[in-house]
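**Student:** fold the following and give me the result.
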Amino acid sequence: MERPSLEIKLPDTHEEGKLYVVDSLNNLNKLNVCPAESQHSLDEEENTGGPGENMAGSSTGNQRLFFITFILTLTISLALVSFVIFLIFQTRNEVDQISSRLLSEKKNIEELKKLNNIILKHLNQSRIKE
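**Tutor:** I've put the predicted structure just below:
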């Protein structure tokens, strides 16, 4: 089982011609090896100057974008947590105020009940005397 050789015997041409032929063979090999979806990325690599430059810039850009997104997310999370803690304390203070008002009103109601009972007893006694 012999593999067909990819070597092509080229007539003597100038160096530029050889490079053009090698590039053409590489592109043809990429077309045969890569699926149709990845051809678009190969075209982009060729337009940007190759995969090395594109990947280095993209990696740095992705790291910066990730870092900025991370810092922004942390800041927003901190602001939300601070707001929730503020709301908890605010609600706690208001509940304490309401409970103290209820206790004072309860005392007032109990005093009114005592007065009502005293008045009723007095009225009952005055009816009996009449």
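
**Student:** I'd like to know the average pLDDT value across the longest helix belonging to the chain.
**Tutor:** Identified as the longest helix of the chain according to DSSP state H is helix 51-129. Taken as a whole, helix 51-129 has a mean pLDDT of 89.

**Student:** what helices or strands is it leaning on?
**Tutor:** helix 36-48 (3 or more Cβ pairs under 8 Å, 6 or more residues apart in numbering; DSSP states H and E). For glycine as for every other residue, the C-beta is placed from the backbone atoms N, C-alpha and C.

**Student:** how close does residue 74 sit to residue 120?
**Tutor:** Noted for residue 74: a distance of 68 Å to residue 120, by Cβ to Cβ, to the nearest Å.

**Student:** scratch that, residue 127
**Tutor:** From residue 127 over to residue 120 (counting by Cβ to Cβ), the distance is 11 Å.

**Student:** and for residue 80?
**Tutor:** Following Cβ to Cβ, the distance that separates residue 80 from residue 120 is 58 Å.

**Student:** buried ones in stretch 21-28?
**Tutor:** When neighbours are counted by 16 or more other Cβ atoms under 10 Å, no buried residue of stretch 21-28 is found.

**Student:** ditto for stretch 66-80
**Tutor:** Result for stretch 66-80 [16+ other Cβ under 10 Å]: no buried residues.

**Student:** and that stretch, C-alpha only, in PDB?
**Tutor:** Output in PDB follows, covering the C-alpha atoms of stretch 66-80 (Å, rounded to 0.1, in the frame of the first residue of the first chain):
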ATOM      1  CA  PHE A  66     -12.600  38.600  29.900                       C
ATOM      2  CA  PHE A  67     -10.800  40.700  32.500                       C
ATOM      3  CA  ILE A  68     -13.000  43.700  31.800                       C
ATOM      4  CA  THR A  69     -16.100  41.600  32.000                       C
ATOM      5  CA  PHE A  70     -14.900  39.900  35.200                       C
ATOM      6  CA  ILE A  71     -14.200  43.300  36.900                       C
ATOM      7  CA  LEU A  72     -17.500  44.700  35.700                       C
ATOM      8  CA  THR A  73     -19.400  41.600  37.000                       C
ATOM      9  CA  LEU A  74     -17.700  41.900  40.300                       C
ATOM     10  CA  THR A  75     -18.500  45.600  40.600                       C
ATOM     11  CA  ILE A  76     -22.100  45.100  39.800                       C
ATOM     12  CA  SER A  77     -22.300  42.100  42.200                       C
ATOM     13  CA  LEU A  78     -20.800  44.200  45.000                       C
ATOM     14  CA  ALA A  79     -23.200  47.000  44.300                       C
ATOM     15  CA  LEU A  80     -26.200  44.600  44.400                       C
END
